[in-house]
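Colleague: coords below, sequence missing:
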């Protein structure tokens, strides 16, 4: 459903270009959920933005649902690929009600039955009719993220791109959103590509997990291998250790030193 | 306990609201020795407000009340703002979440550390500079001379947090309150920063209060954990025994965490019981 072949993405042009993602090849099958982990600056979010068409790729080919796509997307291609962003406080228009937020994509894509679609999308993410005419500031963080998911789902996409969908949320709310995403994938046969720094969150939804560092895909492993600590790459092992909590013995004195600049 | 650095009994923080007072912290009691105490809870549970109340940083219109709020032999309740200013930095220090916002953007980081030293210790500029360089070395910065002259926007998040720790520890306080000190950092850097805090707190015999939402982190780093919900401490336990927590809220939080070794189709969702909000004390 998603095929990336030797994709590189750069910010800036010429000699000052910063290559954020280098020669990335990855395939995600239909209905599959694949995760990308790594530290900030590794380029995972850049990959999602390029797939969504928000960034041009410098080299390589992105193929979505069998169609090679370029910088300019057709309306149908855009409709097929939707994205949910990290910060539900920043990704919703503060002066629009939930109803307006959901009505906009319906209008842009000239879909019929707008009313019914909005009601259905809200029901699907577990929001009631009472939330429909509220502004984002009248909602909690978890409810906002549900609205952001509803906005993506209202176009009936085949591919859902998730950029740290739960990292701004409390643990109890995170569990609710993860359960929601799990049900949506099962019920709609959605293809998901998800980015998170939390290995346990990624492993909860995704079976295959790509580990990124410095713009490169180091390895593709599985949630089962991570759970059993059967990872090959040293960097993945380091991530696993850090995720397990604080362990003084895992840091040697040498590792503590940081050079200036 | 003879080694009691901080005693808090029935601490409450109240903010006036449109529909009556909002009680952000309700009857919180604990003592802190030379140990690492963790406070966990979700957003809005009052954990940061507790830390700020101890630091005397709850501004008007918030009100702080306590039966006992004692730092060593100093009664914090009757302390004037002037008295508090002397105490902050010298006896209690606080590290906040994001070094980007807690450092002065137009002053080099070295001068900021030296300034803290001169505020609390009578020292010459030269002595303060030397102390600041030593402190940068203590937080494992390899090239202190260079970092001394750098501005906050030139240092990375992990280095900025080291600078904050250096600045907070230079006056040798008895207690360090760290409010989400590593939440803005990457996981691998997080472990390094925590290791530095751990080493310094141990070697100087300080008391540490670590405020965090991260259950794994607190249970693996601290000696003792307070779990807060709705402004109250619902449970206190040894950090190693957090898995055997008794309160349904703590149990619910632990169950709601996705685990690598235990994949479940659906995570149990936390069912909030209104009874948890009832006054405990």
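Modeller: Arrived safely, thanks for sending. Every value quoted in this text rests on a predicted model; they were computed, and no experiment measured them.
Colleague: just checking, what's the longest helix in chain A?
Modeller: When chain A is parsed with DSSP state H, its longest helix is helix A:171-188.
Colleague: How about the helix or strand just after that one and chain B, touching?
Modeller: Per DSSP states H and E, the first helix or strand lying C-terminal to helix A:171-188 is strand A:191-195. No: shown here: strand A:191-195 not in contact with chain B (C-beta under 8 Å from any C-beta of the partner chain), separated by at least 12.5 Å. C-betas here are computed from N, CA, C, even on glycine.
Colleague: those helices in the chain, which residues are they?
Modeller: Going with chain A. A:44-52, A:75-80, A:98-108, A:114-124, A:141-153, A:171-188, A:199-205, A:223-227, A:234-243, A:253-256.
Colleague: actually chain B
Modeller: B:47-54, B:81-87, B:99-102, B:109-120, B:125-138, B:144-148, B:157-169, B:187-204, B:215-221, B:248-256.
Colleague: Next, name the residue at the spatial heart of chain A.
Modeller: Of all residues in chain A, the one closest to the mean position by C-alpha atoms, centre = their mean is residue A:162, 1.9 Å from it.
Colleague: Is that one bridged to anything, and to what?
Modeller: Beta-bridge partners for residue A:162, by DSSP bridges, are residue A:84, residue A:194.
Colleague: give me every residue that touches it.
Modeller: Residue A:162 sits next to A:48, A:83, A:84, A:181, A:192, A:193, A:194, A:195 when contact means C-beta atoms under 8 Å, 6 or more residues apart in numbering or on different chains.
Colleague: Also residue B:45?
Modeller: B:228, B:229, B:230, B:231.
Colleague: likewise residue A:17?
Modeller: Counting by C-beta under 8 Å, 6+ apart, residue A:17 touches A:10, A:11, A:58.
Colleague: Can you check the pLDDT for it?
Modeller: At residue A:17 the predicted local distance difference test score is 84.
Colleague: Let me know how buried the residue lying closest to residue B:144 once chain neighbours are set aside is, in neighbour terms.
Modeller: Computed as C-beta to C-beta, 6 or more residues apart in numbering or on different chains, the closest residue to residue B:144 that is not its neighbour in sequence is residue B:136, at 3.8 Å. For residue B:136, the count of nearby residues is 27 (other C-beta atoms under 10 Å in any protein chain shown).
Colleague: Please tell me I have it right and residue B:136 contacts residue B:146.
Modeller: No: with contacts counted by C-beta atoms under 8 Å, residue B:136 stays clear of residue B:146, the gap being 9.8 Å.
Colleague: In the stretch 1-150 of chain A, which residue sits nearest chain B?
Modeller: Residue of the stretch 1-150 of chain A nearest chain B, by C-beta to the nearest C-beta: residue A:39 (4.0 Å).
Colleague: what's the burial count for residue A:84?
Modeller: 24.
Colleague: Next up, the contacts around it.
Modeller: A:145, A:148, A:149, A:152, A:160, A:161, A:162, A:163, A:165.
Colleague: Residue B:55 now?
Modeller: Residue B:55 touches B:88, B:92, B:94, B:177, counting by C-beta under 8 Å, 6+ apart.
Colleague: how deep is residue 147 tucked in, by neighbour count?
Modeller: Because you didn't say which chain, this covers chain A. 24.
Colleague: Please refer instead to chain B.
Modeller: 28.
Colleague: Assess the claim that it and residue B:110 are in contact.
Modeller: Yes: between residue B:147 and residue B:110 there is a contact at 6.9 Å, judged by C-beta under 8 Å.
Colleague: Between these two, which contacts overlap?
Modeller: Common neighbours of residue B:147 and residue B:110 (C-beta under 8 Å, 6+ apart) are residue B:136.
Colleague: Just the pLDDT for residue B:107.
Modeller: So residue B:107 comes in at 95 (pLDDT).
Colleague: Contact partners for whichever residue of the stretch 101-250 of chain A sits closest to chain B?
Modeller: In the stretch 101-250 of chain A, the residue that lies nearest chain B is residue A:245 (3.3 Å; C-beta to the nearest C-beta). Neighbouring residues of residue A:245 by C-beta under 8 Å, 6+ apart: B:216, B:217, B:219, B:220, B:221.
Colleague: Distance of the fourth one relative to residue A:156?
Modeller: Relative to residue A:156, residue B:220 is positioned 44 Å away (C-beta to C-beta, to the nearest Å).
Colleague: Looking only at neighbour counts, state which of those two leads.
Modeller: Comparing residue B:220 with residue A:156 by other C-beta under 10 Å, the one with more neighbours is residue B:220, at 18 against 15.
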